[in-house]
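# Quick one: sequence plus predicted model below, questions after.
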Amino acid sequence: MDIGVNNRAYRAHRLAWLYMYGAWPSSGIDHVDRNPLNNAISNLREATPAQNMANVAATGHTFDTAHGKFRAQIKADGKNVYLGLFDTAEAASAAYREAAKRIRGKFAPY
């Protein structure tokens with residue numbers, strides 16, 4: 001959401017940061033709960049573009065028809081990391097969530 005100030009549009013979350021901390025954020029702003037309309041200061045944190053992109057919901061799996069199983073993978077440092085083949089979508093998703101926590105730390109969406 002944009003807010004106009006002196007004929008200029010500013011992102012609401014950036015204005016909230018300025019109001020609470022007295023300075024513009026040094027980098028981007030991430031919404032912890034991934035809801036861009038929730039600009040509560042407790043829901044905002046500074047983040048690099050890569051950290052911001054890490055905080056996205058994803059299943060982390062696709063069905064591998066050649067093997068009849070679910071393939072789990074995650075992107076890390078711009079490369080796909082293979083996590084394995086699993087009998088169920090739930091097991092593949094669990095492997096993805098664990099990898100996301102390990103790789104993305106507090107920016108993992110789980």
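Good, I have the coordinates. In this text, all values refer to a predicted model and were calculated from it rather than measured experimentally.

# mind listing the helices for this structure?
With DSSP state H as the criterion, the chain has helices at 12-21, 49-54, 89-104.

# Show me what the first one is packed against.
What that stands for is helix 12-21. On a contact count with 3 or more C-beta pairs under 8 Å, 6 or more residues apart in numbering; DSSP states H and E, helix 12-21 meets strand 2-5, strand 28-31, strand 44-47. Yep, even glycine has a C-beta here, placed from its N, CA and C like the rest.

# Next: the shortest one.
With contacts defined as 3+ C-beta pairs under 8 Å, 6+ apart, the packing partners of helix 49-54 are strand 28-31, helix 89-104.

# JSON lines please, covering the ones you listed and showing distance to His61 and mean neighbour count.
Shown next, in JSON lines, are these (distance: least, C-beta to C-beta, whole Å; neighbours: other C-beta atoms under 10 Å):
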{"stretch": "strand 28-31", "distance to His61": "24", "mean neighbour count": "19"}
{"stretch": "helix 89-104", "distance to His61": "4", "mean neighbour count": "17"}
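
# Including distance to Asn43 and mean pLDDT, could the ones you listed go into CSV?
Output for the helices and strands packed on helix 49-54, formatted as CSV (distance: least, C-beta to C-beta, whole Å; pLDDT from 0 to 100):
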stretch, distance to Asn43, mean pLDDT
strand 28-31, 6, 96
helix 89-104, 18, 94
